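Asks: Sequence first, then the predicted structure, then my questions.
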Amino acid sequence: GENVEQHPSTLSVQEGDSAVIKCTYSDSASNYFPWYKQELGKRPQLIIDIRSNVGEKKDQRIAVTLNKTAKHFSLHITETQPEDSAVYFCAAAGANNLFFGTGTRLTVIP
Amino acid sequence: GAVVSQHPSRVICKSGTSVKIECRSLDFQATTMFWYRQFPKQSLMLMATSNEGSKATYEQGVEKDKFLINHASLTLSTLTVTSAHPEDSSFYICSASRGPQQPQHFGDGTRLSIL
């Protein structure tokens, strides 16, 4: 089955700096890669996703890059704000299921 | 939009009680619904996948007789934790998807505490 690894597990950045979270996956058949943001005690919220037919996607301060050959994808948050503090999960989609990474706790220091 | 409603949000009950959790897609038809369990500071662990009108597919290690899943319509799935014990205490979250490799939209989760 699919195996998704995510790094780092924790990340602290100063407000205004950029944050990068990286994930790798094992199943070359996976072709859908969403990123979720989860605040404490709340639901995971989809913030951006990318399919295997593109290498990069951007939505305001958030961007995701995908390297299918190397089987890794990354989340980039620019101009970080305190409200970006949360746990971020990457995921890779197999035929039907999502396989989640272990999460990254991002703290943006004002 | 893609709104998923999950109820109840919080349950506290005695050991041996059965607890039913509902997951509804409010503004779209969900061909597939997923049930996850999340321990504190950990990732989402998939318990089972349910498709409307068919039996749920359980992940390895998840007892199907313990966690009963019903997906009776394209907008409703239920998870029943039967004869719950303290070790079943956890945060359970459902999600719903329009189809394979489509975004999953999550409910608010249910915090289950078994005394």
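Replies: The structure has been received and is ready for your questions.

Asks: Least confident secondary structure element in chain A?
Replies: strand A:98-100 (a mean of 89; mean pLDDT, DSSP states H and E).

Asks: outside of it, which residues touch it?
Replies: The contact list for strand A:98-100 (C-beta atoms under 8 Å, 6 or more residues apart in numbering or on different chains) reads A:1-4, A:25, A:30, A:34, A:36, A:89-93, B:34, B:43-44, B:46, B:104. All C-beta atoms are positioned from the backbone trio N, CA, C, and that covers glycine.

Asks: Check stretch B:13-25 too.
Replies: If you take C-beta under 8 Å, 6+ apart as the criterion, stretch B:13-25 is touched by B:2-8, B:11, B:33, B:35, B:74-86, B:92, B:94, B:96, B:105, B:107, B:110, B:112-115.

Asks: go on, stretch A:69-78?
Replies: For stretch A:69-78, the external contacting residues (C-beta under 8 Å, 6+ apart) are A:18-26, A:28, A:33, A:35, A:48, A:50, A:61-67, A:84, A:88, A:90, A:106.

Asks: try it again with 6 Å
Replies: A:18-25, A:33, A:35, A:61-66, A:84 (C-beta atoms under 6 Å, 6 or more residues apart in numbering or on different chains).

Asks: where does A:S26 fall, phi/psi-wise?
Replies: phi -110, psi -30 (degrees, to the nearest 10).

Asks: Might one say that it is in contact with A:N3?
Replies: Yes. With contact defined as C-beta atoms under 6 Å, A:S26 counts as touching A:N3 (4.3 Å).
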